[in-house]
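Asker: Mind folding the following:
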Amino acid sequence: MSQPLVSINIPVFKCEKYVYRCLESVKNQTYKNLEIILINDATPDNSIEIIEGFFKENPDLNYRLIHNETNEGLSVVRNKGIENSAGKYIYMLDSDDYITPYCIEKLVQVSEKENSDITLGETICLDSKDNEEKMLFPIRTKASSFTGNEIILNQFFEKQWPIIAPNKLYKRDWVMKNNLRFVKGLFSQDELWSFHCAFKLEKIAFLKEVTYIYFLHGESTIFNRTKRNFENYQTILEYFAKTYQESNQTIQKLILKKMVQFKEMVLIMQWKALRGDVEYMKENYARMKLLPQLSLGDYIGNSFDWKTKKLSFFQNLPNSLGVKLFIRRFG
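Answerer: Here you go, the predicted model:
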């Protein structure tokens, strides 16, 4: 098998506890034609000293360390990684996570065989509290691949594979041709990135083997639940709405269902995280009502399942009543 160059993109910010383990997992890859792109987002800790020490110990590794003068956020860091990658493939690896020794080799094998735009493996979440392995981001489909954008979009909206940006082997030419980039200013946008990717995909392939260990700890993004997070989610919903306006009727129905599910998730998380802030709950509830929603015909027809109709109904009541009922359901 040929060994095309793979660019491994690693963001660096407050990762001094984990980055050595991350780099060790890259060094131990059975696949050797790698370049390691590290983007230092003005980290204030000792991460850079650890990284520089690691590469002094391993001078044969092909790496570049790029420095941001100021902290610009993960979206800018991811984009710089993409733009500085020279490989046929790009692989995103977060600095607090690590990969299995055969990760890149097996993903490249599948991608070369299938000629896929994206190839992804299974991810295990390792919980630092109890050291237990959990499947939080499973590949649900039994298929080995999907071909054709309409089929891929249907499967994407059915949640057949995880939305996380890491642990996917991206064909670099496909990313560049479609001008796929993370949106500046959004710090948590795997959902939006995957959404944008899905609309450009012609082929996606799956490796049903664990290739990535997502390390759950107290500082993990998944645990961040502040007002900033919920403003972030509102912006993502606005991007969903923009794509909705640009799509045909069939795709619009898929996006509408997605938006109903996403609104419900955000409202539930917001209430659990900011339980005492009823006014902010009302504000976000009102903002969500301004976005595309099911029509009377959608409620009468059979394009949407009963659950989607029910959730949409509860999301579009008069503000005070809607929030009051929501709190009663989940409070």
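
Asker: going forward, measure contacts and count neighbours with C-alpha atoms only.
Answerer: Noted.

Asker: Quick one: low-confidence residue ranges for the stretch 151-300 of the chain.
Answerer: 217-226 (pLDDT under 70).

Asker: Tell me which stretches of it form helices.
Answerer: 172-177, 190-198, 227-245, 249-273, 278-289, 296-300 (DSSP state H, counting those that start in this stretch).

Asker: next one: the longest strand along the chain to chain centre, how far?
Answerer: Of all the segments assigned as strand in the chain under DSSP state E, the longest by residue count is strand 203-216. Counting by Cα atoms, centre = their mean, to the nearest Å, strand 203-216 is centred 13 Å from the centre of its parent chain.

Asker: Looks like residue 171 contacts residue 88 (just checking).
Answerer: Yes - with contact defined as Cα atoms under 8 Å, residue 171 counts as touching residue 88 (6.1 Å).

Asker: Looking at those two, which is more packed in?
Answerer: residue 171 (20 against 16; other Cα atoms under 10 Å).

Asker: Give me the nearest residue to the more buried one, chain neighbours excluded.
Answerer: Nearest non-adjacent residue to residue 171, counting by Cα to Cα, 6 or more residues apart in numbering: residue 89, 4.7 Å away.

Asker: Could you give the number of residues near that neighbour?
Answerer: By other Cα under 10 Å, neighbour count at residue 89 equals 25.

Asker: Show me what it bridges to in the sheet.
Answerer: residue 6, residue 171 (DSSP bridges).

Asker: Surely it is in contact with residue 6?
Answerer: Yes - under the criterion of Cα under 8 Å, residue 89 makes contact with residue 6 at 4.8 Å.

Asker: Name the strands paired with the longest strand of the chain and say parallel or antiparallel.
Answerer: Strand pairing for strand 203-216, determined by DSSP bridges: strand 98-99 (antiparallel), strand 118-127 (parallel), strand 145-147 (antiparallel).

Asker: continuing past the shortest one, what's the next helix or strand?
Answerer: Think strand 98-99. helix 103-114 (DSSP states H and E).

Asker: residues in contact with that next one?
Answerer: Residues from elsewhere that reach helix 103-114 (Cα atoms under 8 Å, 6 or more residues apart in numbering): 1, 29-31, 117-121, 145, 169, 205-207, 210-212.

Asker: Repeat the analysis, applying 6 Å as the threshold.
Answerer: Helix 103-114 is touched from outside by 31, 119, 211, with contacts defined as Cα atoms under 6 Å, 6 or more residues apart in numbering.

Asker: What residues of that helix count as buried?
Answerer: 103-111, 114 (16 or more other Cα atoms under 10 Å).

Asker: and if you look at stretch 316-331?
Answerer: Buried residues in stretch 316-331 (16+ other Cα under 10 Å): 316, 319, 322-323, 326-327.
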